[in-house]
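Sequence below, structure please.
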Amino acid sequence: MAAAVADIHDGATVMIGGFGTAGMPSELIDALIEQGSRELTIINNNAGNGETGLAALLKARRVRKMVCSFPRQADSHHFDALYRAGEIELELVPQGNLAERIRAAGAGIGGFFTPTGYGTLLAEGKETREINGRQYVFETPLHADFALIKALAGDRWGNLVYRKTARNFGPIMAMAAKTAIVQVERVVDLGELDPEAIVTPGIFVQRVVATGAAAKKEAA
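Okay, here's the model as predicted:
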């Protein structure tokens, strides 16, 4: 884990997969906290839950800016405290726009028009256009230096399969980041994954680290 995140530098933009705690790459986040990078821009669906994972990264005051769609909930107290104290910046992005901005970065699209957010504070300073009688807002892609992702299994080429809703933002984040770092329960032999079940092709993945019981036993 330490080696996988060693080159995440101060000021980096880091996408972190997960929908709440579903698909949250907690072990990679713990390694990032231990590594010590600061002034990070984090792109995630929300702004941390409780005391672990992203919430722990926020608590350690390593994050300069959050880009997310759902920053406030009952257990997002670390983000709340930082935001109220003026110690963290927030870019609020509607969830569908967030997903599409990430996908656009991975697909090489220069931007897109969406009706979501038109006429609200979220559209201030952005280009707007009427298309077929409806008003739209122009949104730009979200790129990242690194993506931290959790998958169920992967092979040494980086082909990945996911477990149910833990899939969420992982596939598009792997495409949108320069370096995709993935924690998996197990690394399997080449050819063991059914090609029809592979969601993220290995071409988008640079590093794979196993976290399951077999990996821990081998490390011990």
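
Need the residues that contact the strand or helix carrying residue 179.
Assignment of secondary structure by DSSP states H and E places residue 179 within strand 177-188. Outside strand 177-188, the residues that touch it by CB atoms under 8 Å, 6 or more residues apart in numbering are 1, 4-5, 7, 15, 25, 27-28, 143-156, 158, 160, 170, 173-174, 204-212, 214-215. Every residue, glycine included, has its C-beta placed from N, CA and C.

One more pass at 7 Å, please.
4-5, 15, 25, 27-28, 144-156, 160, 174, 204-212, 214 (CB atoms under 7 Å, 6 or more residues apart in numbering).

what does stretch 85-99 give?
With CB under 7 Å, 6+ apart, stretch 85-99 has contacts from 45, 63-69, 71, 82-83, 101, 114, 116-117, 122, 139, 169, 172.

Report the buried residues of that stretch.
For stretch 85-99, burial by neighbour count (16 or more other CB atoms under 10 Å) applies to 88, 93-94, 97-99.

Please name the residues that touch residue 152.
Taking CB under 7 Å, 6+ apart, we find residue 152 in contact with 161-163, 184-185.

Dump those residues to JSON lines, plus pLDDT and distance to residue 106.
What follows is the contacts of residue 152, written out as JSON lines (pLDDT from 0 to 100; distance: CB to CB, whole Å):
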{"residue": "161", "pLDDT": "98", "distance to residue 106": "18"}
{"residue": "162", "pLDDT": "97", "distance to residue 106": "16"}
{"residue": "163", "pLDDT": "96", "distance to residue 106": "22"}
{"residue": "184", "pLDDT": "97", "distance to residue 106": "20"}
{"residue": "185", "pLDDT": "96", "distance to residue 106": "24"}
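
Of the residues you listed, which qualify as buried by neighbour count?
161-162, 184-185.

can you give me the strands in this structure?
Remark: strands assigned in the chain by DSSP state E are 13-16, 40-43, 63-68, 89-92, 112-114, 128-131, 134-139, 144-155, 160-161, 177-188, 207-210.

if we compare these, which one ends up closest to residue 53?
Minimum separation from residue 53 across the strands of the chain (CB to CB) falls at strand 13-16, 8.2 Å.

Who are the packing partners of the closest one?
strand 40-43, strand 144-155 (3 or more CB pairs under 7 Å, 6 or more residues apart in numbering; DSSP states H and E).

one more time with 10 Å
Under the contact definition 3 or more CB pairs under 10 Å, 6 or more residues apart in numbering; DSSP states H and E, strand 13-16 sits against helix 26-35, strand 40-43, helix 54-59, strand 63-68, strand 144-155, helix 170-176, strand 177-188.

Show the end-to-end separation of stretch 159-174, please.
Its first and final residues considered, stretch 159-174 spans 11 Å by CA to CA, to the nearest Å.
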